[in-house]
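>>> okay, predicted coordinates and the sequence, questions at the end:
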Amino acid sequence: MSDSFILAIDQGTTSSRAILFDKQGHPVGMAQEEFPQHYPADGWVEHDPNDIWSTTERVCRAVLADRGIDAGQVAAIGVTNQRETTLIWNRRTGEPLHAAIVWQDRRTAELCTKLKQEGHETWLRQKTGLLLDPYFSATKIKWILDQVPGARSLAAAGDLAFGTVDTYLLWRLTERRVHATDATNASRTLLFNIHTQQWDPDLLDLFQIPAEIMPSVLDCSADFGSTRLFGGDIPILGIAGDQQAATIGQACFEPGMVKSTYGTGCFVVQNTGDTAIQSQHRLLSTIAYRIDGRTTYGLEGSIFVAGAAIQWLRDEMGLIDTSSESEKIAAALSGNHGVYLVPAFTGLGAPHWNPDARGAIVGLTRNASAAHVVRATLEAVCYQTRDLMSAMAGDGTEAATLRVDGGMVGNDWLCQFLADILGLPVQRPVVAETTALGVAYLAGLKLGWYGSLEEIGRLWERQASFKPAMDEPKRTRLYEGWKKALARVQ
Ligand SMILES: Nc1ncnc2c1ncn2[C@@H]1O[C@H](COP(=O)(O)OP(=O)(O)O)[C@@H](O)[C@H]1O
Ligand SMILES: O=P(O)(O)OC[C@H](O)CO
């Protein structure tokens with residue numbers, strides 16, 4: 001089996017990646033391509049569907065060519081993706097009706113506020129585990145159907161298909177144009193009842209979305225069809241939203257286990273077993289994975305800006321030349337000197353859910369320097385994680401450790417400060433690409449490469465552990481400072 005691989009496609013917010021994994025879950029090759037972000041109006045974020053597709057197709061071809069691997073050696077494909085991002089296309093022509101509306105896009109904030117005022121949030125939360133926020137797909141679908149001329153009549157004629165990014169990629173990968181998604185992606189639309197596991201007629205009604213445009217919903221580890229685009233026929237056997245895939249890649253299979261992924265945003269997910277917890281702290285209840293028809297739920301805290309703030313330091317403020325430089329700068333300072341940065345660039349996500357909040361730097365004195373702003377940006381990611389972890393402890397289980405991954409956790413200073421502020425050991429795995437790994441595992445389960453999640457769990461390896469080293473009074477003092485800064489922007 002040594003010459004057999006799984007090809008994991010990770011279609012993220014800023015780039016598309018293709019990674020080949022062997023049976024032991026080791027990456028043996030990777031190709032990555034960034035693509036343009038479009039900001040057509042304040043608070044709007046769009047992707048060109050053709051960029052999503054063409055970068056994905058190219059990175060798949062590139063990784064196979066680089067490693068000299070042909071389609072016959074690829075046992076299966078797994079697909080993981082930026083979630084909630086919404087596409088609608090014409091089933092007959094394949095033409096997208098509109099640009100993809102990205103998860104970060106706030107154009108439907110007003111509609112969400114109106115629906116909240118009309119009292120819809122409570123029943124909607126019970127069914128979906130989510131909140132009324134522009135983040136999720138439903139209001140984005142409604143926006144496209146309402147704004148694109150002729151869209152509603154095309155939908156009535158059965159000519160339109162809606163999909164999150166996984167669904168769009170699946171449709172384009174498969175010759176027979178499979179229109180399907182998995183339960184984790186479905187659970188981010190605000191249209192899927194996480195208890196009955198069905199598209200919910202009341203929700204479709206509320207958002208005026210015709211059922212005909214919705215994809216069928218399968219387990220995460222399932223036969224999604226096959227593709228002939230890379231030479232031979234390769235089955236597609238795994239799909240999961242990226243944060244759920246990372247939960248699997250981090251082997252958080254026991255209730256109470258938590259992972260946190262630090263990429264563009266930061267997403268903390270705790271496994272809650274077969275219970276969909278109704279959060280009292282404005283966290284989301286979501287489907288962590290569904291395998292063999294059995295659903296495992298998760299509690300999720302989503303922060304919209306994490307690594308994106310480091311990019312902002314680099315691209316807009318010019319305070320650093322590279323993201324990794326932030327580590328050296330933060331480490332060289334003896335403390336934060338009371339400087340806090342609240343990166344509420346697109347409002348605040350969990351547990352605040354305030355779309356109108358905006359960013360701020362507070363505590364500046366004559367001695368404050370660019371270095372303090374850089375350090376404050378890294379610190380903010382850690383304080384926000386503590387906000388989420390405290391909310392989670394209030395709703396369910398207090399975590400014993402935190403497993404971290406994503407582009408930012410190569411930063412040792414960040415990982416240590418995170419352990420210090422949480423007062424919790426932080427563990428970093430050997431395979432940093434946990435998102436792609438998670439979906440490779442899902443495909444591998446279907447292939448029979450792995451007999452169970454327990455077997456997969458035994459493959460998880462720790463690369464580094466960061467133990468809390470800060471005394472409690474200092475931890476409390478720093479966190480209190482953060483809370484004061486946060487109060488200034490709300
Ligand atoms: N050493 C570092 N310190 C801080 N941030 C970093 C570091 N390396 C990368 N990043 C940030 O991590 C993000 C990239 O992570 P990645 O997981 O690839 O993101 P995504 O999948 O959301 O596109 C970028 O925002 C980048 O600024
Ligand atoms: O593409 P990422 O890694 O920033 O993840 C985006 C999330 O799935 C949005 O919910």
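Sure, I can see it. Ligands and ions are numbered 1, 2, ... in the order given.
>>> ok, now how distant is the nearest residue to residue 228 once chain neighbours are set aside from ligand 2?
Excluding the flanking residues, the one nearest residue 228 by CB to CB, 6 or more residues apart in numbering is residue 175, at 5.9 Å. To be clear about C-beta, it is placed using only N, CA and C from the backbone, and glycine gets the same treatment. To ligand 2, residue 175 is 28 Å away according to CB to the nearest ligand atom, to the nearest Å.
>>> okay, now residue 175: neighbour count?
11 (other CB atoms under 10 Å).
>>> ok, residue 328 next?
Residues near residue 328, counting by other CB under 10 Å, number 13.
>>> now do residue 136
Count around residue 136 with other CB under 10 Å applied: 25.
>>> that one contacts residue 187, doesn't it?
No - look at residue 136 against residue 187 with CB atoms under 8 Å: they stay out of range, at 9.8 Å.
>>> OK, contacts around residue 382?
The contact partners of residue 382, taken as CB atoms under 8 Å, 6 or more residues apart in numbering, are 414, 417, 418, 420, 421, 422.
>>> which SS state does the fifth one fall under?
Meaning residue 421. helix (DSSP: H, G, I helix; E, B strand; the rest coil).
>>> and the gap between the spatially closest residue to residue 105 that is not a sequence neighbour and ligand 1?
Leaving aside its chain neighbours, residue 105 sits nearest to residue 45 (4.5 Å; criterion: CB to CB, 6+ apart). The gap separating residue 45 from ligand 1 is 13 Å, by CB to the nearest ligand atom.
>>> for residue 431, same thing?
13 Å.
>>> list the contacts for the residue lying closest to residue 337 once chain neighbours are set aside?
Of all residues beyond its chain neighbours, the one nearest residue 337 is residue 372 (5.6 Å), with distances taken as CB to CB, 6+ apart. Listed by CB under 8 Å, 6+ apart, the contact set of residue 372 reads 333, 336, 337, 339.
>>> how far off centre is stretch 87-101?
The chain centre lies 23 Å from the centre of stretch 87-101; the measure is CA atoms, centre = their mean, to the nearest Å.
>>> quick one, grab the pLDDT at the closest residue to ligand 1 within the stretch 351-490 of the chain.
Closest to ligand 1 within the stretch 351-490 of the chain is residue 407: 2.0 Å, counting by CB to the nearest ligand atom. Residue 407 carries a pLDDT value of 89.
>>> these two touch, right, it and residue 307?
Yes - the criterion here is CB under 8 Å, and residue 407 meets it with residue 307 at 5.6 Å.
>>> picking up where we left off before, so the residue nearest to residue 228 sits right up against residue 227, yeah?
Yes - using CB under 8 Å, residue 175 and residue 227 qualify as a contacting pair, with a distance of 7.4 Å.
>>> go ahead and report the secondary structure state at residue 58.
Applying three-state DSSP: residue 58 is helix.
>>> so residue 32: helix, strand or coil?
Applying three-state DSSP: residue 32 is strand.
>>> which residues sit in contact with the residue of the stretch 351-490 of the chain closest to ligand 1?
262, 263, 307, 323.
>>> isn't the residue nearest to residue 105 up against residue 38?
Yes - applying CB under 8 Å, one finds residue 45 in contact with residue 38, separated by 7.3 Å.
>>> comparing the two, which residue is more hemmed in?
Neighbour count, other CB under 10 Å: between residue 45 and residue 38, residue 45 has more, with 21 against 13.
>>> distance of the more buried one relative to residue 113?
19 Å (CB to CB, to the nearest Å).
>>> try residue 352
From residue 352 to residue 113 the distance is 15 Å (CB to CB).
>>> tell me if the longest helix anywhere in the chain is near ligand 2.
Looking across the chain with DSSP state H, the single longest helix is helix 370-395. No - Helix 370-395 is not in contact with ligand 2 by CB under 6 Å from any ligand atom; minimum separation 13.5 Å.
>>> how far is the helix or strand that that helix is followed by from where the chain is centred?
For helix 370-395, the following helix or strand on the C-terminal side (DSSP states H and E) is strand 402-405. Distance of strand 402-405 from its chain centroid, counting by CA atoms, centre = their mean, is 14 Å.
>>> quick one: is strand 402-405 near ligand 1?
No - using CB under 6 Å from any ligand atom, strand 402-405 never reaches ligand 1; the gap is at least 7.9 Å.
>>> please name every helix or strand in contact with that strand.
Secondary-structure packing of strand 402-405 (3 or more CB pairs under 8 Å, 6 or more residues apart in numbering; DSSP states H and E): strand 258-262, helix 412-422, strand 426-429.
>>> between helix 370-395 and the first one, find me the angle.
Per axes from the mean of the first three to the mean of the last three CA atoms, to 10 degrees, the angle that strand 258-262 makes with helix 370-395 is 150 degrees.
>>> if we can go back for a sec, between the contacts of residue 382, which has the most around it?
residue 418 (28 neighbours).
>>> thought that residue was touching residue 388?
No - using CB under 8 Å, residue 418 is not in contact with residue 388, being 11.7 Å away.
>>> identify the contacts common to those two.
In contact with both residue 418 and residue 388: no residue, using CB under 8 Å, 6+ apart.
>>> around ligand 1, pick out the residues from the stretch 201-350 of the chain.
So far as CB under 6 Å from any ligand atom goes, the stretch 201-350 of the chain lies against ligand 1 at 263, 264, 307, 308, 310, 311, 323, 324, 326, 327.
>>> the last one and residue 121, how far apart?
Per CB to CB, residue 327 is found 41 Å from residue 121.
>>> so where does residue 321 fall, helix or strand?
Using DSSP H and E, no helix or strand contains residue 321.
>>> any idea of the pLDDT on it?
For residue 321, pLDDT reads 95.
>>> show me the contacts for it.
residue 314.
>>> ligand 2 contacts on the stretch 201-350 of the chain?
Within the stretch 201-350 of the chain, the residues that sit near ligand 2 (CB under 6 Å from any ligand atom) are 241, 242, 243, 263, 264, 265.
>>> one more time with 8 Å
241, 242, 243, 261, 263, 264, 265, 267, 302 (CB under 8 Å from any ligand atom).
>>> report the two of those residues separated the most.
241 and 264 (14.3 Å; CB to CB).
>>> the residue of the stretch 301-450 of the chain found nearest ligand 2 bridge partners, please.
Nearest to ligand 2 in the stretch 301-450 of the chain, going by CB to the nearest ligand atom, is residue 302, at a distance of 6.1 Å. Going by DSSP bridges, residue 302 is paired in beta bridges with residue 267.
>>> what is the burial count for it?
Using other CB under 10 Å: residue 302 sits among 24 other residues.
>>> do the same with residue 474
That count, for residue 474 with other CB under 10 Å as the rule, works out to 12.
>>> could you tell me the angle between the helix or strand containing it and helix 412-422?
Using DSSP H and E, residue 474 falls within helix 472-488. Relative orientation of helix 472-488 and helix 412-422, computed by the same axes, to 10 degrees: 90 degrees.
>>> so residue 92 touches residue 159, yeah?
Yes - Residue 92 is in contact with residue 159 according to CB under 8 Å; the separation is 5.8 Å.
>>> hmm, residue 338 and residue 485 touching each other?
No - between residue 485 and residue 338 there is no contact under CB under 8 Å: 9.6 Å.
>>> now the common contact residues for the two.
Between them, residue 485 and residue 338 share the contacting residues residue 363, judged by CB under 8 Å, 6+ apart.
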